[in-house]
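Engineer: Okay, sequence plus prediction incoming.
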Amino acid sequence: NFKAYIVGGCVRDLLIKNPLATRPKDWDIATNALPQQIQAIFPNSLYENDFGTIAVKTESTDPTLKIVEITTFRQEGKYTDKRHPDEIKFAKTIEEDLCRRDFTINAMAMEIKNQKFVLSKAEGSKTKIHNSKFIIPKLIDPFGGKNDIDKKVIRAVGNPLERFQEDGLRLMRAVRLACELNFEIAPETFEAIKENSSLLSFISKERIRDEFIKIIETPQAAKGMLLLEETNLLAEIIPELQKAVGVAQNKHHRYTVWEH
């Protein structure tokens, strides 16, 4: 009896028609229920973090569904440390919640409607649940994420300078998404990455490493390396490699040291 939506990457992956894209790896739900109310509904759950996220354990054999994260709608304050919001406030609507997200393709939600179910006893004492009808979920898309999926574009939500100031790791996340999905980065978002490349100095080396590994494990690894160099991020994470750009080799090599 609360409002509930699937949100973020799982919605994006459901909408993408791309051979490089896979089915959602994890499922996130946003709701107007408060954390204590979520836990009352799902006793087999854990309060995961300070952001109102409850990790609900399921009995699914599918590894992507063993844990479903449910988070109360929220708004975030300033990011003084360029990594974490100074304060979290619970919001009233899904639209307010989507405003805080990084890229338009991640700022979409699908409404989960109450549906009628038919219960039947089968297999001894077990109860089987049959959905009596299929309801096409309503897409909540205030920033044009579906249009950007169709155009294959990575675009920041709202002002890209503000989004990257909030969390410097989003700089690398833009590159990683462009490689995973074989999308292009929107010009204004691309320029904002270049202007804010130094924000990576506020991010832990472990988080940077994790994003970098994801980039070079994609089928578009070479594209990822070029994007890191073009956006000035390579100089922040592997400066010794960036110094090889434009350095010629002897006559037996057709490539620069960087290209090689």
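Structural biologist: Noted; the coordinates are in hand. Numbering: from 1, shown residues only.
Engineer: all helices of the stretch 101-250 of the chain, in order?
Structural biologist: 145-151, 160-166, 170-181, 187-195, 205-216, 221-230, 234-237, 239-242 (DSSP state H, counting those that start in this stretch).
Engineer: Mind checking these for the one nearest to residue 91?
Structural biologist: Taking C-beta to C-beta, helix 160-166 is the member of the helices of the stretch 101-250 of the chain nearest to residue 91, at 16.1 Å. For the C-beta atoms, the positions are set from N, CA and C on the backbone; glycine is no exception.
Engineer: Who are the packing partners of that closest one?
Structural biologist: helix 170-181, helix 187-195 (3 or more C-beta pairs under 8 Å, 6 or more residues apart in numbering; DSSP states H and E).
Engineer: one step back: any chance of the helices of the stretch 101-250 of the chain in a markdown table, plus mean neighbour count and distance to residue 56?
Structural biologist: Formatted as a markdown table, these follow (neighbours: other C-beta atoms under 10 Å; distance: least, C-beta to C-beta, whole Å):
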| stretch | mean neighbour count | distance to residue 56 |
| --- | --- | --- |
| helix 145-151 | 17 | 25 |
| helix 160-166 | 19 | 27 |
| helix 170-181 | 24 | 25 |
| helix 187-195 | 17 | 34 |
| helix 205-216 | 15 | 25 |
| helix 221-230 | 18 | 34 |
| helix 234-237 | 20 | 35 |
| helix 239-242 | 12 | 43 |
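Engineer: May I see these organised as TSV, with distance to residue 249 and mean pLDDT added?
Structural biologist: Converted to TSV, the helices of the stretch 101-250 of the chain look like this (distance: least, C-beta to C-beta, whole Å; pLDDT from 0 to 100):
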stretch	distance to residue 249	mean pLDDT
helix 145-151	39	95
helix 160-166	36	92
helix 170-181	27	96
helix 187-195	28	96
helix 205-216	23	96
helix 221-230	18	95
helix 234-237	19	94
helix 239-242	15	92
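Engineer: List the contacts of residue 30.
Structural biologist: 4-5, 7, 70-73, 94, 97, 109 (C-beta atoms under 8 Å, 6 or more residues apart in numbering).
Engineer: Can you pull the phi and psi angles for the nearest residue to it once chain neighbours are set aside?
Structural biologist: Counting by C-beta to C-beta, 6 or more residues apart in numbering, residue 7 is the residue found nearest to residue 30 once chain neighbours are left out, at 4.6 Å. Main-chain torsions, residue 7, degrees, to the nearest 10: phi -140, psi 160.
Engineer: Near residue 7, how many other residues are there?
Structural biologist: Residue 7 has 26 neighbours, counted by other C-beta atoms under 10 Å.
Engineer: With the one 4 residues further on instead?
Structural biologist: Neighbouring residues of residue 11 were enumerated by other C-beta under 10 Å; the total is 26.
Engineer: I'd guessed it sits against residue 109; true?
Structural biologist: Yes - counting by C-beta atoms under 8 Å, residue 11 touches residue 109, with 6.3 Å between them.
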